[in-house]
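J.: Using only what follows, build the 3D model:
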Amino acid sequence: MLISYEKETERLRKLLSEIETDEDSDFDNGPENILEKNFSDHASFSERDTESEEDGYFRNEEGNNWKWFTSNDGVKWRKANFKQDIRTLCHNIVSRVPGTKGPAKDATSPEKSWELFIHDNMILLIVECTNIFIEKSALRFLREREARKTVPVGIRLL
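T.: From the prediction side, this is the model:
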C-alpha cells in the first residue's frame, strides 16, 4: 500500500504530538512546531547540497563535525592524513627486495642473459642433433654446400 508524502507527514506529526503529551510536564519541550523546524532545517540542508553539487566542488561537511570532504559522486576524502607514528603490521613488512637474484644481477647484456639459460653443453647437444638431421637430409641436395654441418658459434648467433 503506497502512502503519499503528505499522509505520512501528517501521521508522523500525530505520533510526535502524542509523545509530547505523554512526557512529564517537568521538562520544557520548547516550541510546538519542532517538527516544522526540523523539516525546514532539512530543506535548508538539501538546498546547500544542491548548490554545492551545481558548483562542482567538494562539499565540506564540517557542520556535521565530520573530517571528510564529499565529492559530487559521493566519494569521501579525508581532510587529515592518517597517523604516521603507528607500528607497521608484520604482514605489511617487505622482507625481500623484488628484482633479479644471484648471477642474474651480473647479466647486463642480452648475451649474458642468454648464457644463464642456455649452457655450453646444451648448445653442443643442439649442434649434434642438428648435424644428424642435416646428414639424413643431405641426400636430397645435389651440392654439398646446401647441406653443410653447423657449428656451436652458428647456434649462438641465432
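J.: Contacts only, for Ser113.
T.: Residues counted as contacts of Ser113 (C-beta atoms under 8 Å, 6 or more residues apart in numbering) are Ala104, Ala107. Any C-beta I mention is one placed from the backbone N, CA and C, and that applies to glycine too.
J.: Can you tell me how far it is from Pro152?
T.: Per C-beta to C-beta, to the nearest Å, Ser113 is found 18 Å from Pro152.
J.: next one: Asp85
T.: Distance from Asp85 to Pro152, by C-beta to C-beta: 62 Å.
J.: go on, Ala80?
T.: Ala80 is 66 Å from Pro152, where distance means C-beta to C-beta.
J.: Can you pick out the residue with more neighbours from those two?
T.: Taking other C-beta atoms under 10 Å, Ala80 and Pro152 do not tie; Pro152 has more neighbours (13 against 7).
J.: show me what contacts the more buried one?
T.: Asp120, Ile123, Leu124, Val127.
J.: What subset of those residues is buried?
T.: Taking 16 or more other C-beta atoms under 10 Å as the criterion, what is buried in these is Ile123, Val127.
J.: need the helix or strand of the chain with the lowest average pLDDT.
T.: When the helices and strands of the chain are compared on mean pLDDT, DSSP states H and E, helix 34-55 comes out lowest with a mean of 48.
J.: for the chain, which spans come out with low pLDDT?
T.: 1-3, 21-66 (pLDDT under 70).
J.: From the contacts of Pro152, which land in strands?
T.: Assigned to strands by DSSP state E, none of the contacts of Pro152 qualify.
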